[in-house]
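Here's my sequence, what's the structure:
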Amino acid sequence: MKSASATTFDEAYYQRFYFDKKTSVVDPAHMERLGTFVCSYLKYLRVPVNRVLDVGCGIGLWKGIVAQHFPEAMYQGVEFSPYLCERFGWQQGSVVDYAADAPYDLVICQGVLPYLSPPDLKAALLNLGRLTQGALYVEAVSREDFESDIIDEEITDNRVFRHRAELYRRGLREGAIELGGGVWLSRRAELPLFALEQAGGQ
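Coordinates of the predicted model:
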């Protein structure tokens with residue numbers, strides 16, 4: 001199977017999963033909790049956040065969160081969907097091969113990776129490491145999540161790949177240290193971490 005194409009993410013896709021309240025996967029209260037957790041933890045770790053990359057930014061749910069917690073930071077939204085780029089003015093690009101002039105202090109990749117085939121996923125995970133010099137937040141459903149029956153399949157796109165969690169972790173470990181909660185710290189960050197702050201003692 002191939003990765004989802006750009007045409008997958010058309011107006012009908014976002015109408016179903018984001019704009020129609022009956023079928024939307026967006027929970028504003030969840031996003032507020034998540035944003036507060038991620039940004040507060042980075043402040044605790046003293047990760048300087050001046051440049052933020054949101055790759056696969058969708059409708060821009062993280063833009064306001066970043067502005068609230070890091071008001072001086074520059075936010076760059078990158079999106080694969082031509083429809084959203086035209087509607088919101090995002091830069092068009094893919095997590096698989098997006099290149100930047102310099103790495104970012106915070107890279108966000110939420111809900112994107114399960115749409116990638118195994119070869120593209122491997123490339124994307126390595127690319128996330130290259131793009132990050134500070135912290136990385138990754139959210140992706142795994143095969144284990146489906147097997148544990150914690151996924152609401154009524155509102156989950158059935159076109160996603162069910163990659164194993166270890167496949168994600170293996171690729172991300174090349175460039176980052178897992179801290180838990182979807183938060184990773186770049187190996188270039190040079191910030192002190194206690195052993196128990198690192199998931200699995202990495």
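
where does this protein have low pLDDT?
Residue ranges of the chain with pLDDT under 70: 201-202.

in it, which spans are strands?
Listed in chain order, the strands of the chain (DSSP state E) span 51-55, 74-79, 91-92, 104-110, 132-139, 176-180, 183-186.

Setting aside sequence neighbours, what's the nearest residue to residue 77?
Leaving aside its chain neighbours, residue 77 sits nearest to residue 57 (3.7 Å; criterion: CB to CB, 6 or more residues apart in numbering). C-beta: built from backbone N, CA, C; applies to glycine.

Tally up the residues packed near the one you found, please.
Counted with other CB atoms under 10 Å, the neighbours of residue 57 add up to 26.

any idea how far it is from residue 110?
9 Å (CB to CB, to the nearest Å).

returning to that earlier point: ok, the residue nearest to residue 77 touching residue 80?
No: judged on CB atoms under 8 Å, residue 57 makes no contact with residue 80 at a distance of 9.7 Å.

if I look at residue 48, how far off is residue 134?
For residue 48, the distance to residue 134 (CB to CB) stands at 7 Å.

what's the residue nearest to residue 191 when sequence neighbours are not counted in contact with, if anything?
Excluding its sequence neighbours, the residue lying closest to residue 191 (CB to CB, 6+ apart) is residue 45, at 6.0 Å. By CB atoms under 8 Å, 6 or more residues apart in numbering, residue 45 lies in contact with 135, 185, 191, 193.

Kindly indicate which of these lies nearest residue 26.
Closest approach between the contacts of residue 45 and residue 26, by CB to CB: residue 135, at 23.2 Å.
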